[in-house]
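> Only the shape, not the letters, is given here:
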């Protein structure tokens, strides 16, 4: 990834408080969407939308996609690099 692409992703995250806060909330932990929503005091649907956006950009991954409830999310190495700039 070049510098321009990195800063485009950084802007994408920073423009949305929900995306930025969701990424900050996960940081180096494994978290489920309901815990993120509780920690940030926002609706689970807002967290789900933010997670979908972050996942598309390769900033978070779900480590147990095959389960219906209790999906765990963690930051990717790129996600952790973006966190350093937020």
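Okay, I see it. Treat the numbers as computed from the prediction; the structure is a model and nothing was measured. Residues are numbered from 1 along each chain as shown.

> what residue lies at the spatial centre of this protein?
What sits nearest the mean C-alpha location of the chain, by CA atoms, centre = their mean, is residue 23, with 3.9 Å.

> I figured residue 48 hits residue 36, correct?
No. In this structure residue 48 lies outside contact range of residue 36 using CB atoms under 8 Å: 9.4 Å. For every residue, glycine as well, the C-beta is placed using N, CA and C.

> okay, those two: which has more neighbours?
The neighbour comparison of residue 48 against residue 36 (other CB atoms under 10 Å) goes to residue 36, with 25 against 16.

> and residue 31, what does it touch?
By CB atoms under 8 Å, 6 or more residues apart in numbering, the contact set of residue 31 is 25, 39, 72-74.

> quick one: which of those residues is nearest residue 3?
Closest approach between those and residue 3, by CB to CB: residue 74, at 25.0 Å.

> So what does the nearest residue to the closest one once chain neighbours are set aside look like in phi/psi?
Among residues not flanking residue 74 along the chain, residue 30 sits closest, at 5.2 Å (CB to CB, 6 or more residues apart in numbering). Dihedral pair for residue 30: phi -110, psi 120, per degrees, to the nearest 10.

> Now do the strands in the chain.
Secondary structure of the chain (DSSP state E): strands located at 60-62, 73-75.

> For residue 13, give its distance to residue 29.
18 Å (CB to CB, to the nearest Å).

> So between the two, which is more surrounded?
More neighbours surround residue 13 than the other of residue 13 and residue 29, with 25 against 12 (other CB under 10 Å).

> State the distance from the more buried one to residue 70.
Per CB to CB, residue 13 is found 25 Å from residue 70.

> Residue 79 too?
Distance from residue 79 to residue 70, counting by CB to CB: 21 Å.

> Which of those two has more residues huddled nearby?
The neighbour comparison of residue 79 against residue 70 (other CB under 10 Å) goes to residue 79, with 23 against 9.

> ok, for the more buried one, nearest residue in space, not its chain neighbours?
Excluding its sequence neighbours, the residue lying closest to residue 79 (CB to CB, 6+ apart) is residue 59, at 3.7 Å.
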